[in-house]
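> A predicted structure for the sequence below; I have some questions about it.
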Amino acid sequence: MKTSRHLVFVIFVLTLFFAVPLFAVPIEKDAKTLFEQKCGSCHSIDKVTSKNKTEKAWLSTVQRMKKKGAAVNDEEVKDIVGYLAKNYGKK
């Protein structure tokens, strides 16, 4: 009886170990997808990615786009700005 409980526990742990990475999506990919969907719905992605700005400047740009009607909430603004600053920030 003890052995079967241990076996069930081991199977459970292994299932979690292998299943969780299948459903986990890297945050970076989510932010990139969010950026492409939200920003790309109004203008070319190349227009944005050709720029290099500080995080503060990206925040200003994204907030300006939000005021112009970009359908992004505050959490999405944070994710998009983080993505842009990391990948298209001033070096």
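Thanks, I have the structure now.
> which ones are touching residue 62?
Going by CB atoms under 8 Å, 6 or more residues apart in numbering, residue 62 touches 70, 72, 77, 80, 81, 84. From N, CA and C alone the C-beta is placed, and that goes for glycine too.
> tell me how far it lies from residue 5.
Distance from residue 62 to residue 5, counting by CB to CB, to the nearest Å: 53 Å.
> ok, the residue nearest the centre of the chain - contacts?
For the chain, the residue sitting closest to the mean C-alpha position, by CA atoms, centre = their mean, is residue 31 at 2.4 Å. Residues near residue 31 by CB under 8 Å, 6+ apart: 79, 80, 82, 83.
> by neighbours, which of those wins?
residue 80 (26 neighbours; other CB atoms under 10 Å).
> okay, helices next: where are they in the chain?
Taking DSSP state H to define them, one finds helices in the chain at 2-23, 27-40, 45-49, 55-67, 74-88.
> of the ones you listed, flag the one that's most buried.
helix 74-88 (a mean of 17; mean count of other CB atoms under 10 Å).
> what helices or strands is it leaning on?
In terms of contacts (3 or more CB pairs under 8 Å, 6 or more residues apart in numbering; DSSP states H and E), helix 74-88 is packed against helix 27-40, helix 45-49, helix 55-67.
> and the second one, what does it pack against?
It stands for helix 45-49. Looks like helix 45-49 contacts helix 27-40, helix 74-88 (3+ CB pairs under 8 Å, 6+ apart).
> including mean pLDDT and distance to residue 66, could those helices go into CSV?
Putting the helices and strands packed on helix 45-49 into CSV (pLDDT from 0 to 100; distance: least, CB to CB, whole Å) gives the following:
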stretch, mean pLDDT, distance to residue 66
helix 27-40, 85, 10
helix 74-88, 95, 6
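> now those helices as JSON lines including distance to residue 52?
Below are the helices and strands packed on helix 45-49 laid out as JSON lines (distance: least, CB to CB, whole Å):
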{"stretch": "helix 27-40", "distance to residue 52": "15"}
{"stretch": "helix 74-88", "distance to residue 52": "6"}
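> so which of the ones you listed comes closest to residue 47?
Comparison of these against residue 47 by CB to CB identifies helix 27-40 as nearest, at 8.9 Å.
> since that was my last question, I'll sign off now.
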